[in-house]
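S.K.: here are the coordinates; sequence isn't available:
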Ligand SMILES: NC(=O)C1=CN([C@@H]2O[C@H](COP(=O)(O)OP(=O)(O)OC[C@H]3O[C@@H](n4cnc5c(N)ncnc54)[C@H](OP(=O)(O)O)[C@@H]3O)[C@@H](O)[C@H]2O)C=CC1
Ligand SMILES: Nc1c(N[C@@H]2O[C@H](COP(=O)(O)O)[C@@H](O)[C@H]2O)[nH]c(=O)[nH]c1=O
Ligand SMILES: [Zn+2]
């Protein structure tokens, strides 16, 4: 139960720790919370250190609950395990193992601290993108699309607002909130001038990435009211645009685009379309999850704006399989979340 309180702190501070994971920590003594802490800013104190600071002398003999295994390495700050020992904590409970760093568990145990790992599916799922990205040095890629039941993403005039209902779109904003960047193809940018923010959460931090063969020209609407520092243009041609980050990726392959975005400190990437862009990432197998919102509507027509068309039809033998992760319902809409099998 206290581990869930530590996870609440993670949800409050999600998205503000740059390349570091968001971590929450609660210190409990005699069934009373004596310290709480979160990692608030990259380069500054870790969650455990903030919680220990708050607990003061109450940390002596207390149990520390942390969403992530306490670190044991000298990074931008000293190891939390040393602070935990020095503070006199007698038990540490954590949920997610830090697979990218050497473990501090045996060090804490050697100092007489009881250490327990609890299994928590929600916390494990929360950290999976972080560790996947850190071990691959590529962003964790979520592809999102909103379609009718016949798989259409826009009408004949390329208008797509709106296929899904308000609740689905509010959920999509919640997903956006956890992202470092949202990417669309140039056609979607030209057609929609999407804001690609999590405005329901008053979030202005997420980068907006547009992929183009170039040259890129800013839409009038963006020219007037857009914070240019949020824009990243991934372009096949070298181009300079005042106040905007333009990354030159000559071949524009999904692999090269992802490497370039990781170098821009993007760990968690949402690709929102359009379907030409999504197709190149699906065909190159450059994604980790697919979020498919389906509205109970039909648009009909041929292959135009069909969410996925490919040159060849797979055989039963070599078709792509997915694992269904979850099914969510928003009034009449559904959201299916898949991962590669
Ligand atoms: N329902 C939904 O979920 C969504 C619907 N939409 C709708 O989809 C429509 C637009 O989709 P669509 O026409 O498929 O286009 P896209 O938005 O996918 O844009 C395609 C263009 O992006 C550039 N591009 C993207 N990736 C690459 C790459 N890897 N290599 C080279 N160029 C790349 C190229 O532009 P260029 O060569 O010109 O530089 C390409 O022609 C709009 O009507 C929009 O409203 C969009 C998003 C989501
Ligand atoms: N049409 C459609 C979506 N479309 C996506 O949302 C973008 C607009 O985002 P914004 O300008 O931030 O509100 C649009 O360009 C496309 O990427 N999303 C959905 O959840 N449901 C929908 O029916
Ligand atoms: Zn630490």
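M.R.: Alright, I've got the coordinates. These figures come from a predicted structure and were not determined experimentally. Ligands and ions are numbered 1, 2, ... in the order given.
S.K.: can you check the pLDDT for residue 224?
M.R.: The model reports residue 224 with a pLDDT of 66.
S.K.: likewise residue 78?
M.R.: Residue 78 is assigned a predicted lDDT (pLDDT) of 85.
S.K.: does the residue of the stretch 1-150 of the chain found nearest ligand 2 belong to a helix, a strand or coil?
M.R.: Distance from ligand 2 to each residue of the stretch 1-150 of the chain (C-beta to the nearest ligand atom) is smallest for residue 146, at 3.3 Å. In this view, the C-beta of every residue, glycine as well, is placed from N, C-alpha and C. Residue 146 falls in the strand class when you classify it by DSSP: H, G, I helix; E, B strand; the rest coil.
S.K.: distance-wise, check it relative to ligand 3.
M.R.: Per C-beta to the ion, to the nearest Å, residue 146 is found 39 Å from ligand 3.
S.K.: again, but for residue 216
M.R.: Residue 216 is 41 Å from ligand 3, by C-beta to the ion.
S.K.: got any ranges where the stretch 151-300 of the chain has weak pLDDT?
M.R.: Counting by pLDDT under 70, the stretch 151-300 of the chain has low-confidence residues at 204, 224-226.
S.K.: what residues does it put near ligand 2?
M.R.: 160-164, 168-169, 172, 184, 188, 192, 194-196, 272-273, 293 (C-beta under 6 Å from any ligand atom).
S.K.: in helices only, show me those residues.
M.R.: Among these, the ones falling in helices (DSSP state H) are 168-169, 172, 188, 192.
S.K.: of all those residues, which two lie farthest apart?
M.R.: Spanning the widest gap among those are 168 and 188, at 18.0 Å by C-beta to C-beta.
S.K.: give the contact list for residue 107.
M.R.: Applying C-beta atoms under 8 Å, 6 or more residues apart in numbering to residue 107 gives the contacts 72, 81, 85.
S.K.: then residue 34?
M.R.: Going by C-beta under 8 Å, 6+ apart, residue 34 touches 27-28, 54-55, 58-59, 62.
S.K.: tell me how far the nearest residue in space to residue 162 that is not next to it in sequence lies from residue 134.
M.R.: Ranked by C-beta to C-beta, 6 or more residues apart in numbering and with sequence neighbours excluded, the top spatial neighbour of residue 162 is residue 169, at 6.8 Å. The spacing between residue 169 and residue 134, counted by C-beta to C-beta, to the nearest Å, is 31 Å.
S.K.: cool, and residue 335?
M.R.: Separation of residue 335 from residue 134 (C-beta to C-beta): 27 Å.
S.K.: and the chain, which of its residues are near ligand 1?
M.R.: Proximity of the chain to ligand 1 (C-beta under 6 Å from any ligand atom) is limited to residues 145-146, 153-154, 158, 160, 163, 184-188, 191-192, 211-213, 252, 272-277, 280.
S.K.: take those residues and keep only those in strands.
M.R.: Those of the residues of the chain next to ligand 1 mapping onto strands are 145-146, 184-185, 211-212, 272-273, per DSSP state E.
S.K.: and residue 316, that's in a strand?
M.R.: No. The assignment for residue 316, made by three-state DSSP, is coil rather than a strand.
S.K.: what's the longest helix seen in the chain packed up against?
M.R.: Ranked by number of residues, the top helix in the chain under DSSP H is helix 121-136. Applying 3 or more C-beta pairs under 8 Å, 6 or more residues apart in numbering; DSSP states H and E, we find helix 121-136 packed against helix 2-13, strand 63-68, strand 91-96, strand 140-148, strand 268-273.
S.K.: which strands and helices lie in contact with the second one?
M.R.: What that stands for is strand 63-68. Secondary-structure packing of strand 63-68 (3+ C-beta pairs under 8 Å, 6+ apart): helix 2-13, strand 24-29, helix 47-55, strand 91-96, helix 121-136.
S.K.: mind putting these into a markdown table with mean pLDDT, mean neighbour count and distance to ligand 2?
M.R.: Shown next, in a markdown table, are the helices and strands packed on strand 63-68 (pLDDT from 0 to 100; neighbours: other C-beta atoms under 10 Å; distance: least, C-beta to the nearest ligand atom, whole Å):
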| stretch | mean pLDDT | mean neighbour count | distance to ligand 2 |
| --- | --- | --- | --- |
| helix 2-13 | 95 | 18 | 22 |
| strand 24-29 | 98 | 26 | 29 |
| helix 47-55 | 98 | 24 | 32 |
| strand 91-96 | 98 | 22 | 29 |
| helix 121-136 | 93 | 16 | 20 |
